[in-house]
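Could you work out the structure for the sequence below:
(one chain, ligands or ions: 1)
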Amino acid sequence: MQFTKMHGAGNDYIYVDCFRQPTPADPAALARAVSNRHFGVGADGLILICPADGADAEMRMFNADGSYSEMCGNGIRCVAKFVHDHGIAVRDQLRITSAGKQFLLDLETRSGKVERVRVDMGEPILTARDIPTTLAGDPPVDAPFEIAGRTLAVTCVSMGNPHCVTYVDSATDELVLGVGPQIETDPRFPRRTNVEFIEVLNRETVRQRTWERGSGETLACGTGACAVCVAGVLTGRTERRITSKLLGGDLQLEWDEATNHVYMTGPAAEIFTGDWPA
Ligand SMILES: N[C@H](CCC[C@H](N)C(=O)O)C(=O)O
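Sure, this is the predicted structure:
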């Protein structure tokens, strides 16, 4: 099976072109195998690029533990790059679906290759039942959250996938790597959650570290950055247009007041292609 390794701001995935080869029979098992950074290729997960009715392609995203995710912000930018650069649909605006939702993407190219992508990520999901979380509030905003012997203030947002955002003075390893996995699997998140630890640098800039559901800490999380943009407005900490500075690079976010849509702009890069024994 041929694969392409790509990344968006360091959030790396193994991409499989299911236009030109069969769709893997067990993508969860394949995700676990190829993601392993010692016994496999090494990635944060697996993304299948599939034909879609009424859209240029469908994205099916699986975390490194094999769990399926409804959406992947860094991933969908790379899917658009692949679809354009590999000749599936050579236009500067594409429609990609994920979990039954359609997303509109605007591509910035240089020498015929996509370098940056602006994604209309749609409306944030703010009802607790749909995030989902058992915490009070639609959504919970700076809600007290007892965990690991401390009380955090959490703001919960879904971008199709669940996010738990907390603002800290310093996003330490103790918090991200120690508390992150405890929040990810806490029963107050019935479908687990991604966890964002945020340092506010000013009203237009944050520094973000993310413990991802199903993948652990990643160098960037696109849906997480969108959730952080929304949480910043809901908590009054940041403006509707921000830059999130992540370990792997910067993403630009905007929660547009008129449309209620969140827009994310960031890079997409192809690293190499290879063959994985079927
Ligand atoms: N771990 C996430 C999926 C990947 C999201 C992230 N890599 C992004 O760029 O949005 C989840 O299970 O919801």
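
from the chain's centre, how far out does stretch 102-119 sit?
Averaged C-alpha coordinates place stretch 102-119 at 17 Å from its chain's average position (C-alpha atoms, centre = their mean, to the nearest Å).

same deal with stretch 66-84?
Relative to its chain's centre, stretch 66-84 lies at 8 Å (C-alpha atoms, centre = their mean).

Alongside the ligand, which residues does the protein contribute?
Along the chain, the residues adjacent to the ligand under the rule C-beta under 6 Å from any ligand atom are 11, 63, 69, 72-75, 161, 194, 212-215, 218, 221-223. Any C-beta I mention is one placed from the backbone N, CA and C, and that applies to glycine too.

which of the residues you listed count as buried?
Buried members of the residues of the chain next to the ligand, scored by 16 or more other C-beta atoms under 10 Å, are 11, 63, 69, 72-75, 161, 194, 212-215, 218, 221-223.

burial of the closest residue to Met121 other than its chain neighbours, as a residue count?
Residue nearest to Met121 in three dimensions, not counting chain neighbours: Val262, with 4.5 Å by C-beta to C-beta, 6 or more residues apart in numbering. By the measure other C-beta atoms under 10 Å, the count of residues near Val262 is 25.

In strands, which of the residues of the chain next to the ligand fall?
Using DSSP state E, the subset of the residues of the chain next to the ligand located in strands is 11, 63, 69, 194, 212, 218.

C-alpha coordinates for stretch 58-68, PDB please?
What follows is stretch 58-68 as a C-alpha-only set of coordinates in PDB (Å, rounded to 0.1, in the frame of the first residue of the first chain):
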ATOM      1  CA  GLU A  58     -13.800  12.700   2.000                       C
ATOM      2  CA  MET A  59     -11.400  12.700   4.900                       C
ATOM      3  CA  ARG A  60     -11.500   9.800   7.300                       C
ATOM      4  CA  MET A  61      -9.200  10.400  10.300                       C
ATOM      5  CA  PHE A  62      -7.900   7.900  12.800                       C
ATOM      6  CA  ASN A  63      -5.800   8.800  15.900                       C
ATOM      7  CA  ALA A  64      -2.600   6.900  16.700                       C
ATOM      8  CA  ASP A  65      -4.600   4.600  19.100                       C
ATOM      9  CA  GLY A  66      -6.900   3.700  16.200                       C
ATOM     10  CA  SER A  67      -9.900   5.800  17.400                       C
ATOM     11  CA  TYR A  68     -11.900   7.600  14.800                       C
END
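
Contacts made by it with the rest, please.
Stretch 58-68 is contacted by residues 13, 27-32, 35-36, 43-52, 69, 71-72, 75-76, 79, 96-98, 192, 212-216 when judged by C-beta atoms under 8 Å, 6 or more residues apart in numbering.

Tell me the one of the ones in strands among the residues of the chain next to the ligand nearest Pro139?
Nearest to Pro139 among these is Asn194, at 14.4 Å by C-beta to C-beta.

isn't the closest one right up against Val165?
No - if you go by C-beta atoms under 8 Å, Asn194 and Val165 don't touch, sitting 9.3 Å apart.

quick one on the thing from earlier: can you redo the ones in strands among the residues of the chain next to the ligand as a markdown table with pLDDT?
Compiled in a markdown table, those are given as follows (pLDDT from 0 to 100):
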| residue | pLDDT |
| --- | --- |
| Asn11 | 98 |
| Asn63 | 98 |
| Ser69 | 98 |
| Asn194 | 99 |
| Glu212 | 98 |
| Thr218 | 98 |
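
so what's Asp169 scoring on pLDDT?
The model reports Asp169 with a pLDDT of 98.

for Ala278, same thing?
Note on Ala278: pLDDT of 76.

Wait, it touches Met1, no?
Yes - counting by C-beta under 8 Å, Ala278 touches Met1, with 5.3 Å between them.

Between these two, which is the more surrounded one?
Remark: of Ala278 and Met1, Met1 carries more neighbours, 15 against 7, as counted by other C-beta under 10 Å.

what's near enough to touch the closest residue to the more buried one other than its chain neighbours?
Nearest residue to Met1, sequence neighbours excluded (C-beta to C-beta, 6+ apart): Trp276, at 4.8 Å. Residues near Trp276 by C-beta under 8 Å, 6+ apart: 1-3, 14, 34, 41.

okay, and the common contacts of Asn194 and Val165?
In contact with both Asn194 and Val165: 224, 227, using C-beta under 8 Å, 6+ apart.
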